[in-house]
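# can you look at this prediction? I've put the sequence above it.
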Amino acid sequence: MFEPVLTRNIHRPNSEKIYTYLAHGGYEAVRLALKKSPEELIDMVKRSGLRGRGGAGFPAGKKWEYMPKDPRIPKIVAVNTDEGEPGTFKDRELVERDPHQVIEGVIIASYTVGARRAYVYIRGEFFLGVKRWIKAIADAYEHGFLGKNILGSGFDLEMSVHRGAGAYICGEETAMLESLEGKPGNPRLKPPYPAQVGLFGLPTLVHNIETLACIPHIILRGPEWFASIGTAESKGPKIFSVSGHVNKPGNYELPLGTTLREIIYEHAGGIRGGKKLKAVIPGGASTPVLTAEHLDVPMAFETLAAVGSQLGTGAIIVMDETTCMVEVARRLTKFFAHESCGRCVPCRLGSRRLYEILERIECGQGKPADLNLALELAQGIDGTTFCPMGSALVNPARSTIKQFREEYEYHLTYKRCLAGNTHSG
Amino acid sequence: MTNKMITLTIDGIQVTVPEGTNIVDAAKKAGIDIPVFCYHPKMKPVGMCRMCLVEVGRPVVDRNTGEFVRNEDGSLKIQFNPKLETGCTTLVSEGMVVINTSDKVKRGRKDILEFLLTSHPLDCPICDKGGECPLQNLTMAHGPGTSRFLFDEKKHLLKHYPLGELIYLDQERCIQCGRCIRFQEELVDDPVIGFSQRGRSLQIVTFSEPGFDSIFSGNTTDICPVGALTTADFRFGARPWELNAAASICQQCAVGCNLTLNVRREAAAGGKVVIKRVMPRQNEWVNEIWICDKGRFGYHYTEAPERLTQPLIRKEGELVPVSWEEALGFVAERFRQAGKGLLTLASGRLSNEDLFNLRKLSEGLGGKIALYTQMSGGEQVMQVGLAKESNLAELGQGDAILVIASDLHQEAPIWWLRVKQAAERGATLIVAHPRPTRLEKFAKHVLRYRYGDEAGLLLAMLNSLSAKRPALPERVSTLWRDDQVQAAAKAFAEAQNAVIFFGNEGVGLQASQALAQACLNLLLATNHAGRPNNGLIPVWQRPNDQGAWELGWRPLPNLDEAISQANAIYVVACDPAGDNPTLPLTPDFLVVQDLFLTATAKLAHVVLPALPFTEREGSLVNGERRVQRYYPAVPPRPSARADFTITGQLGKLLGIDLEDRLASKVMLRIAAEVPAFSGITYTALAYAPEQWPIIGREDLYYGGTTYENKQGIGVQLPNALQQGEQVTLTWPSLAQATEINGGLLAVPVTKLYDSGSTLVHSKLLDQRRVAAVLWIHPDEAAAHAVQEGDLVHLQFGEASAMATAILDKTVPQGVILLPRSAGIPLLEPCAAQLKVVERSYER
Amino acid sequence: MLADLMRGLATTFKAIFEKPVTIQYPEIKRPVRTRYKGRHILKRYENGLEKCIGCSLCAAACPADAIFVEAAENTDDERYSPGERYARVYEINLLRCIFCGYCEDACPTEAIVLGDNYELSFTDRRSSIYTKEMLLEPVPEGGKPTPQKTPPGMYTRAIPEMKDPV
């Protein structure tokens, strides 16, 4: 049985309080880390094999290494709590139940890259999360973990919280930086990457909070311990948010590489009402769907990529046999069309058109040519957009057409749903 | 900027371009079109439209050796990016291979166009851009023949959305490329429009009051790749292919922006050919591809119905129409009688040819000539003016620009833009002005002085130099020193190249002479004269003041006296009586030659109708001493004649040999007689070299609808130093403070939109026109019991005026500012007494 | 020779009893063919609004440069045609016109149609220029003359909605 790492504290009463955190070994990693040199710490993170948990899975150690070493250049750490991906609710739990774990990670990361300022960007709808962040930061200041001369090490760090205004795209790191600067949340041109030119033009280290939450544990228990968890290319524990037609939806922390079958049937209690599983979205709304035949695929970056999907944020959306896949695609595409920032043409207009086609098919007004049109449209959007959102937004439609083409054809031919849904609109 | 050159291959063609060039520009240099919507060569790339997607391959580098990996046949091994890359945001690199014609690329473009067209109305028949529309052209070239989407799913939005009263937005047509927004933010620092909403709801909105409050707003309609932005002036005016084009030069200020006048026959004008719109014409040495809104919308005076159409002679107290023979014969006879008593008064609104003929006529009769101006210093400009072969666009890192006594943003907008851009390229900008101006934001050194201390400040700069300091007379070496002045002086002296702009805010005729001399001294002492990209630029108020100086015209220190002594006065293209109602303009014989029946003309014995620049040809010398030529755009109104023709015909009657038919022949005479003009012919002025970026050819998508320059970029005059003459330092006497007598110093300031005779006829600028107001500091206002909005009676000397008070903290104490050409007869700074006539109770 | 003469006279006699082909124009007018190209007519919609939107494409298509159009902007208070643009001036010089019908083809709103009026004669050149008032067809029954006062937001489309081509 895997012993939770990141979520070990969240079931305790008052888990968000600093005294609870301190009572269970909190801020020990900071004490340890502040005695080490930044090079040592980077080396530890690199050896641990930690990869970003925000969706792209970029190696954290490399990100740290890319930050300029010149101590005269001010640097910034930006903490991404803009959890907007449908199906994902792991960050929210971490912030609301154990924010100090993340703060500890932020302190260590800031110390390592030489940042004196850390900004937290949190999704505006997370009211409790905002409150918990503010309280946790205030408590950390009070206990001397933030502010001037942290724990007598001579290292200063200021940290504050910024609320987003509810845009999915602000989860993209450069859009988040724009939003932090007070501008509309539009992605920036890369390069330069945030490690060179980030927030307010300064080198910025941007991390998802789950990634940061892993840091104290790597420091305390060693990179080798961390690397021993997981698969060859995906190391460490991961919080999987399981939602949809399962008996016990929720966050499950398991090693990377756990199979979908194990997560769904052993941990999440199987499919609701004993129905058959039809489809699974393995990594949040932007990742391609998988079917029941992929149940034995381990949930890891490389294995999911091999079957044409992505680990994403590890948000597993389970759908049983009663689900209409056309509706799934239509709803998810509507979400993306609504969230497009409108900056580039394929995303602004393509997403809208894709949604219209799916809606047409679902409502029984589709034309036989629509399926290919949707696929060609997806082809035209994927890879041509400014930011990765273009590739993300076509996934629901494209993967469901690929895996469940017969459902679409049924809709087109019989003007109703194969899964028996009524589609009131 | 490095000079490193990069060689890459685009569609099999080898191209060598400087490092830092992007793929779109590199391709353009090789004559290959990569279509774009959002990218513009004058702005930073953003990669929004995704139209410029190309396949990019880069040579594989061996990680161990750092060298390129080669194939068996010795060619470089190229690795292609599986995704298409945007050509505008990707910089070229050595050995890069770009494919612009593959099926993948073509498909990408087709998709983008199809996406755009799913949301773009099929408005082409009624769209003002139809016929010169990048979207239309690129759809024809790269787009799908049919759409696979439903027409009725198009979004219906506002089609008549005024961003301001000058620019209208059609929300349906907008493709959200953001060019207009970026132009306003990046280039002209007027971020008054922006995107609101997101996704498909993204729309352009203005957030200024009044809407789209920018003096450069018209340029956004040129660079808009669709018909989303249109000017109120041209909206539905004509289809682009119906327009004829004539090259011209803007006459609104001393910059001399190159224009193209689009003309068409108009039924509403009774079948006459009229100007439909004014477009910029590319001249990278002068205005690049931009013009200000004054130049774009200010042309209406040339077509005003109030224009004089016939010669008039005063008979029995009334001005009555007569024939040209009668008028000219009468004038010639009276001029002959006046002989030495003839005074010819002309302004820099005239062309070189006019001024030359006028001078020759006057000289032939033994009369005097006088330049009608409120600003002096042309001689100094002839000595150390901006040197031949200069281009403000070349100023940057290591160079310095000093702007003194001029609010360039209002007086010469395009110079403001060019100076700002130079500062952004790294040039050290020093702004010296008694009050804050728009340019200061970009300045490294801001020097404040009191009105009247202009020349003193420059000499103080000279005085605070430790090196390069010439021998100074005592009155200069005892001038004040302070750290700010010293720092600015040091930066100026150490600059590689340096340019001074001087205006006449707060200086009268004499003080501006001193100011120009101080500029000259500073330039000479710091060795910033006689070399390209160095020298003095006067911010004249009229388009050809510099030309007048070059051709021997000088202002008279005491105009009143000269006027009262003259027997006959020949007033051309100026209105002294209108500017100064107390002027004793009562000679025996007064001839006025102008476009309108001005206040002076109403006093005249003979009025001769002249032609505006749109109906004739001529040449001007701008502040950068560039001689530029303009061409006739519309047929002349019958029985009005060009100024040089009228003068030439008078000359014929008086037996003075003058050219009266061809302006080009007058120029030949000028070239033969005036050394600086030697070699200048109309052919030389029409020389049009290749310019970068390539604008206005078939590829409208690239640079917008600005016209290509095929009619000449003009020729810069060499200054005295370049002609090998000696220029020596002379030390101006510093002005004494004006006697105030308990009043305040009234200072005329130039505002862009005034009510001058060359702008008042543009009705669409009415809302932005400056009224008869006075700006006063709140403390000073309190001291004089003036409140905001009060109607104040102003008395300066014998003249008086009424103005509405506006309280403004940026106005220096002891001073009131009054707009020029707004109905207040104030030409030079002088003491004014204030009296509140009507209290404002609005508050 | 006599035989020849007789044959000629016989032909003449036969013709005497034939129906005459001469039509007493202008008292009698022969109907024209359906595709006859006579003088242009500017069409109206049923409500009386003009179909012409002043786009000038007819003038661009005209090989004889016979058409002159000058556009202006509609307002809801003074509306001539649907959409924003209308023809303030529309003139055809019928001395120049070669009746090729290109203007008809170019028109995006089917506003200009070559009618069946061929009675075009002028005593001076100026009267050969037909103005918009002369070319416009009469207001149809139930319609109103232009300019009309129309409710805002009703006539926003210059070009009639097209059918989906697929």
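Nice, I can see it.
# where do the helices sit along chain C?
Ranges of helices within chain C are C:2-16, C:57-61, C:102-106, C:132-135, based on DSSP state H.
# okay, now the nearest residue to C:Met154 once chain neighbours are set aside: neighbour count?
Among residues not flanking C:Met154 along the chain, C:Asp76 sits closest, at 7.9 Å (C-beta to C-beta, 6 or more residues apart in numbering or on different chains). Bear in mind the C-beta positions are built from the backbone N, C-alpha and C, glycine included. Using other C-beta atoms under 10 Å in any protein chain shown, C:Asp76 has 13 other residues around it.
# list phi and psi for C:Asp76.
When quoted as degrees, to the nearest 10, the phi and psi of C:Asp76 stand at phi -70, psi -20.
# flag the shaky bits of the chain, pLDDT-wise.
Because you didn't say which chain, this covers chain A. By pLDDT under 70, the low-scoring segments of chain A are A:422-425.
# I was after chain C.
In chain C (pLDDT under 70), the answer is C:161-166.
# so which residues of the stretch 101-250 of chain A form helices?
A:127-142, A:173-180, A:209-221, A:223-228 (DSSP state H, counting those that start in this stretch).
# tell me what the shortest one is packed against?
With contacts defined as 3 or more C-beta pairs under 8 Å, 6 or more residues apart in numbering or on different chains; DSSP states H and E, the secondary structure elements packing on helix A:223-228 are helix A:38-48, helix A:209-221.
# and whichever residue of the stretch 251-400 of chain B sits closest to chain C, how close does it get to C:Ala72?
Ranked by C-beta to the nearest C-beta, the top residue of the stretch 251-400 of chain B for proximity to chain C is B:Ala267, at 4.1 Å. Look at B:Ala267 and C:Ala72: by C-beta to C-beta, to the nearest Å, they are 11 Å apart.
# measure how far the longest strand anywhere in chain C is from the centre of its chain, please.
Longest strand in chain C, counting residues (DSSP state E): strand C:85-93. Mean C-alpha position of strand C:85-93 versus that of the full chain (C-alpha atoms, centre = their mean, to the nearest Å) differs by 13 Å.
# pull up the pairing partners for that strand, direction included.
Note on strand C:85-93: by DSSP bridges, its sheet partners are strand C:67-73 (antiparallel), strand C:129-130 (antiparallel).
# what sits against residue 111?
No chain was given, so I picked chain A. A:33-34, A:38, A:41, A:150, A:153, A:155, A:157 (C-beta atoms under 8 Å, 6 or more residues apart in numbering or on different chains).
# my bad, the chain I had in mind was chain C
C:Ala111 makes contacts with C:42-43, C:50-53, as judged by C-beta under 8 Å, 6+ apart.
# may I have the phi/psi pair for it?
Taking degrees, to the nearest 10 as the convention, C:Ala111 sits at phi -80, psi -30.
# against chain A, how distant is it?
32 Å (C-beta to the nearest C-beta, to the nearest Å).
# tell me how far that residue lies from chain B.
10 Å.
# between the helices of chain C, which gets nearest to chain A?
Set against chain A and scored by C-beta to the nearest C-beta, these come closest in helix C:57-61, at 27.8 Å.
# hmm, A:Gly366 is touching A:Asn372, no?
No. Taking C-beta atoms under 8 Å as the definition, A:Gly366 is not a contact partner of A:Asn372, at 11.5 Å.
# which one of those two has more residues nearby?
For A:Gly366 versus A:Asn372, neighbours defined as other C-beta under 10 Å are more numerous around A:Gly366 (23 against 11).
# the more buried one in helix, strand or coil?
What DSSP: H, G, I helix; E, B strand; the rest coil gives for A:Gly366 is coil.
# show me what contacts it?
For A:Gly366, the contacting residues are A:357, A:360, A:411-412, by C-beta under 8 Å, 6+ apart.
# just A:Ala374 next, same as before
So A:Ala374 contacts A:354, A:357-358, A:361, A:397-398, A:401 (C-beta under 8 Å, 6+ apart).
# ok so it is a helix residue?
Yes. Checked against three-state DSSP, A:Ala374 lies within a helix.
# for B:Glu185, which non-adjacent residue is spatially closest?
B:Pro191 (4.5 Å).
# what's the helix or strand for the one you found?
B:Pro191 belongs to no helix or strand when assigned by DSSP states H and E.
# show me the contacts of A:Gly366 that map onto helices.
Per DSSP H, the contacts of A:Gly366 map to helices at A:357, A:360, A:411-412.
# identify the residue nearest the closest residue to chain B within the stretch 201-350 of chain A in space, chain neighbours excluded?
Proximity of the stretch 201-350 of chain A to chain B (C-beta to the nearest C-beta) peaks at A:Gly342, 3.6 Å away. Of all residues not flanking A:Gly342 in the chain, B:Leu202 sits nearest, at 3.6 Å (C-beta to C-beta, 6+ apart).
# can you report how many residues neighbour that neighbour?
Using other C-beta under 10 Å, B:Leu202 is surrounded by 18 other residues.
# distance of it from B:Glu185?
16 Å.
# repeat for A:Asp70
A:Asp70 is 31 Å from B:Glu185, by C-beta to C-beta.
# and those two? Which one has more around it.
For A:Asp70 and B:Glu185, the more surrounded residue by other C-beta under 10 Å is B:Glu185, and the numbers stand at 16 against 9.
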